[in-house]
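Participant: Could you work out the structure for the sequence below:
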Amino acid sequence: MQTILYVYVDESGQDTEGQLFIVSVVIALSDPDALGASLERIEKATGKQRKWHKTPERIGINYLQQAKQLKAQAVVYVETHRTVRDYFVNTASTIASALRMHGVSGKRAYIKFDALPRTKEYVLLSLLRKQGAPAWKASGVNDEKEPLIRLADAVCGLVRGATLGRAGMQAALSECVKSGFVIEMGQ
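Facilitator: Numbers count the residues shown, from 1 in each chain. Presented below is the predicted three-dimensional model:
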């Protein structure tokens, strides 16, 4: 029997017209419901808002410093793309690469993607399967209701801030990478 791997995806940067496009892929290594409950407790304890861009920097960094303690329960792959136009294809490529790097032999991936329209679910599955990813199911979810999507959003925001030269975010990203909680792809 194949194991289901729960994967949560968010992206950031369409507002930059493709100059800086970041995709974050969270892979749950344990029960995603228990992991989500832990992340919600961390959000509440730190005061993190549901949207990264509404969260003050110090609170967001504190949230991620606490979230990285859950590295036995989740890993976050992140890739930064520059000068891209086809966001959807680049997102699918990042997901497929993350799954390959993670090693998903004998597993089926259930992809939960922030605000993925229903009409794009099968398109995403097709793109992933063409790249050899064991995509089994894809669905759009609302980040307001899904703490693992909010984690993916936070990592996108952290990487974006670090890339734009914000020293506190650069240091926090470095710590997350050193701990093994965040894996930067294509670096």
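
Participant: from here on, contacts and neighbour counts on C-alpha atoms
Facilitator: Will do.

Participant: avg pLDDT for stretch 123-134?
Facilitator: Mean pLDDT, stretch 123-134: 91.

Participant: Next, the buried residues of the longest strand along the chain.
Facilitator: Across the chain, the longest stretch assigned as strand under DSSP state E is strand 3-12. By neighbour count on 16 or more other Cα atoms under 10 Å, the buried set for strand 3-12 is 4-12.

Participant: Same check on stretch 97-116?
Facilitator: Under 16+ other Cα under 10 Å, the buried positions of stretch 97-116 are 97-99, 104, 107-114, 116.

Participant: same question, stretch 32-43
Facilitator: In terms of neighbour count (16+ other Cα under 10 Å), stretch 32-43 has its buried residues at 32, 35-36, 39-40, 42-43.

Participant: got it, and stretch 115-127?
Facilitator: 116, 121, 124-125, 127.

Participant: among those residues, which two are most distant?
Facilitator: Leu116 and Leu127 (14.2 Å; Cα to Cα).

Participant: ok so, going back, helix or strand right after the longest strand of the chain?
Facilitator: strand 21-28 (DSSP states H and E).

Participant: List the strands paired with that next one, with their directions.
Facilitator: Strand 21-28 has its sheet partners listed here by DSSP bridges as strand 3-12 (antiparallel), strand 74-81 (antiparallel).

Participant: Of those strands, which shows the lowest average pLDDT?
Facilitator: Lowest mean pLDDT within the strands paired with strand 21-28: strand 3-12, a mean of 92.

Participant: and the residue nearest to Ala28 when sequence neighbours are not counted, how far is that from Val7?
Facilitator: Closest residue to Ala28 apart from its sequence neighbours, by Cα to Cα, 6 or more residues apart in numbering: Ala74 at 4.5 Å. For Ala74, the distance to Val7 (Cα to Cα, to the nearest Å) stands at 10 Å.

Participant: shared neighbours of the two, which are they?
Facilitator: 26-28 (Cα atoms under 8 Å, 6 or more residues apart in numbering).

Participant: what's the closest of those residues to Pro147?
Facilitator: Closest approach between the shared contacts of Ala74 and Val7 and Pro147, by Cα to Cα: Val26, at 10.8 Å.

Participant: which residues does the closest one form a beta bridge with?
Facilitator: Judged by DSSP bridges, the bridge partners of Val26 are Tyr8, Val76.

Participant: residue contacts, it?
Facilitator: 7-9, 74-77, 148-149, 151-152.

Participant: want to throw those residues into a markdown table with distance to Gln170?
Facilitator: Output for these, formatted as a markdown table (distance: Cα to Cα, whole Å):
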| residue | distance to Gln170 |
| --- | --- |
| Val7 | 25 |
| Tyr8 | 23 |
| Val9 | 22 |
| Ala74 | 21 |
| Val75 | 19 |
| Val76 | 16 |
| Tyr77 | 16 |
| Leu148 | 22 |
| Ile149 | 22 |
| Leu151 | 17 |
| Ala152 | 17 |
